[in-house]
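K.L.:
what follows is a predicted structure for the sequence shown.
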Amino acid sequence: MSTGNISFTLQATLLLTLIGLALAASAVATARLLNLRLRWLPRWMRLNWLSDLVLSTNVDQKHIGRRFLVGVANCAAGVLALNVGASLGLIDAQACRWLTLTALVTTGIFYALMRSGLNQRFSDPALTEWQGSSVILFLAWGYLIGGPGRPLALLLLMVILLFSMFTNTPRQLFRACVLAGLSFGSAMACVAWEARAELNAAAMQLVYGCVLLLALSTVSLLIHQMHQLRRQAQVRQQELAEALDRIRDLATHDELTGLINRRRMQELMHTEKHRTVRSGRGFCLAMIDIDHFKRVNDRLGHVAGDEVLARVAGTIAAGLRETDIVARWGGEEFLVMFTDTDEDTAERVLLRIQAALAQTPVTEADPLLRITFSAGVGNHLRDETLTRTIDRADRALYAAKAAGRNRVLHAELPANGAATRVA
């Protein structure tokens, strides 16, 4: 085969490779843009196994590898363009071979680091700044030897910088712009010096330098604006998260006492009921009502009444175990769920809380005022609804009030008849 045929074959191969890269990148971009899926293809045709082999089975590593391949595709396009120019005799073939070899070795080093997992030892596993700096230096090198294809290096530089805006920090991008200005400025100065005999060619390098400086300044401004937008988005996201937390807290807690509310307590009781069915353990409920609370409101006012409610709620919560739950059930009533506890143990706990409450000042409006409460406690039966258990505890509570208040009574079992409710 003659030298001319070999040269033509090489040129055709390089051109077809470059066209294939461009078409593949366009297809991937279109699929992402249109959110296309390949689920209609057989599993073996989706090439998932090839992705695992080339990149990694680790999801994070695979994501890093995909970004790396995007950069490699852009670099490969530039290198192939240089080789096409060299094969056409427009570029120094020796310089092009050195650039190609160095680019292949550098790409191989980055790929080896990522495929072996050694990149995880770095503070930035994606090695974004190292890769970006390498690409910028190679583009400046390509500009230096690129001949008539030098504007292509500037185009690829802008593509790389714009892509980096979504992956690099503002400081990294600023350093990348400075490196691009220095490296391309040096390359342009060398090209202008070599073409000093041709005034127009040297002047064009000055024009390219000014355009590059303007483009880098624009990119720096975009970086600053994008950073501000990200910070504003983060602040708004944080504010939204805090607002959702407040809404969630208001939806599940009583604002006055800080205890969970009736709705949340019902959810927790249903959860406990299902848990006891599986474990075979039981729980009991206690209904608590503050004695003579109406007198407090009538004599001291509703502000003092709210203070009493908060102090009583705090005293009850402080006297319970971490696994027990108390809720404000309504008005001056509280409901306590004792997990893995029988009636006798729950009664002892409630009596201890009563004793503590008898020593606790409950309002600044009357420091000598002491508050008591009555309570009814009952075990939850396996085949009983929660509503029925609550009703039995409630009846026991009103029986305690009818018996003189400031006491705890057990709820009667359904078979023995329910306690009489006293208004």
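P.N.:
Structure's in. What do you need?

K.L.:
so C284: helix, strand or coil?
P.N.:
At C284 the chain is in strand, as set by DSSP: H, G, I helix; E, B strand; the rest coil.

K.L.:
backbone dihedrals for the nearest residue to it once chain neighbours are set aside, please?
P.N.:
In this structure, C284 finds its nearest non-sequential neighbour in N379, 4.6 Å apart by CB to CB, 6 or more residues apart in numbering. C-beta here means a position set from N, CA and C on the backbone, and glycine is covered the same way. With angles defined as degrees, to the nearest 10, N379 sits at phi -70, psi 150.

K.L.:
ok, now V377?
P.N.:
phi -130, psi 140.

K.L.:
run a quick neighbour tally on it.
P.N.:
When neighbours are defined as other CB atoms under 10 Å, V377 has 29 of them.

K.L.:
ok, for it, nearest residue in space, not its chain neighbours?
P.N.:
A286 (4.1 Å).

K.L.:
who does the helix or strand harbouring A77 touch, helix- and strand-wise?
P.N.:
If you go by DSSP states H and E, A77 is part of helix 59-87. Under the contact definition 3 or more CB pairs under 8 Å, 6 or more residues apart in numbering; DSSP states H and E, helix 59-87 sits against helix 3-33, helix 48-54, helix 93-116, helix 128-145, helix 150-164.

K.L.:
among these, which gets the worst mean confidence?
P.N.:
Lowest mean pLDDT within those: helix 3-33, a mean of 53.

K.L.:
just to revisit the earlier point, I'd assumed D340 was in contact with the residue nearest to C284.
P.N.:
No - taking contacts as CB atoms under 8 Å, N379 lies outside contact range of D340: 11.6 Å.

K.L.:
look at the two and report which has more neighbours.
P.N.:
A count of neighbours by other CB under 10 Å puts N379 above the other of N379 and D340, at 21 against 16.

K.L.:
got a list of what the more buried one touches?
P.N.:
G282, F283, C284, D342, E343, T389, A411 (CB atoms under 8 Å, 6 or more residues apart in numbering).

K.L.:
now it: how far from Q228?
P.N.:
Note on N379: its distance to Q228, by CB to CB, to the nearest Å, is 61 Å.

K.L.:
also F373?
P.N.:
Distance from F373 to Q228, counting by CB to CB: 57 Å.

K.L.:
who has more neighbours out of those two?
P.N.:
Remark: of F373 and Q228, F373 carries more neighbours, 26 against 11, as counted by other CB under 10 Å.

K.L.:
and the more buried one, what pLDDT?
P.N.:
95.

K.L.:
surely it is in contact with F293?
P.N.:
No - F373 lies out of contact with F293 (CB under 8 Å); the separation is 9.1 Å.

K.L.:
before we move on, the earlier item: and the residue nearest to V377, bridged to which residues?
P.N.:
Beta-bridge pairing for A286 (DSSP bridges): V336, V377.

K.L.:
tell me who's in contact with it.
P.N.:
Contacts of A286 by CB under 8 Å, 6+ apart are L335, V336, F338, A346, L350, A375, G376, V377, G378, A393, V408.

K.L.:
how is the chain partitioned into domains?
P.N.:
3-243, 262-416 (automatic domain parsing).

K.L.:
pLDDT score for V326?
P.N.:
V326 carries a pLDDT value of 95.

K.L.:
confirm it sits in a strand?
P.N.:
Yes - counting by three-state DSSP, V326 is part of a strand.

K.L.:
helix, strand or coil for T363?
P.N.:
Secondary structure state of T363, per three-state DSSP, is coil.

K.L.:
avg pLDDT for stretch 182-193?
P.N.:
89.

K.L.:
what are the buried residues along it?
P.N.:
Within stretch 182-193, the residues that count as buried by 16 or more other CB atoms under 10 Å are S183, F184, G185, A187, M188, V191, A192.

K.L.:
out of these, flag the one nearest to R275.
P.N.:
Proximity of the buried residues of stretch 182-193 to R275 (CB to CB) peaks at S183, which lies at 66.0 Å.

K.L.:
residue contacts, that closest one?
P.N.:
Shown in contact with S183 (CB under 8 Å, 6+ apart): I136, L137, A140.

K.L.:
which of these has the largest number of neighbours?
P.N.:
I136 (24 neighbours).

K.L.:
so T100 touches L82, yeah?
P.N.:
Yes - shown here, T100 and L82 form a contact pair, counting by CB under 8 Å, at 7.3 Å.

K.L.:
what about these two, which has more around it?
P.N.:
Shown here are T100 and L82; by other CB under 10 Å, L82 has more neighbours (30 against 15).

K.L.:
could you find the closest non-adjacent residue to the more buried one?
P.N.:
C96 is the one closest to L82 (CB to CB, 6+ apart), at 5.1 Å.

K.L.:
can you tell me the SS state at the spatially closest residue to F334 that is not a sequence neighbour?
P.N.:
Take F334 and drop its neighbours on the chain: the residue closest to it by CB to CB, 6+ apart is I288, 4.3 Å away. Here I288 takes the strand state, with states given by three-state DSSP.

K.L.:
tell me the pLDDT at I288?
P.N.:
Taking I288 on its own, its pLDDT is 96.

K.L.:
give me the neighbour count for it.
P.N.:
26.

K.L.:
from L244, how far out is the residue most central in space within the chain?
P.N.:
When CA atoms, centre = their mean is applied to the chain, the residue found nearest the centroid is Q237 (10.7 Å). As judged by CB to CB, Q237 and L244 stand 10 Å apart.

K.L.:
ok, H274 next?
P.N.:
According to CB to CB, H274 and L244 sit 27 Å apart.

K.L.:
now do A233
P.N.:
16 Å.

K.L.:
right, and A93 touches A86 too?
P.N.:
Yes - using CB under 8 Å, A93 makes contact with A86 at a distance of 4.4 Å.
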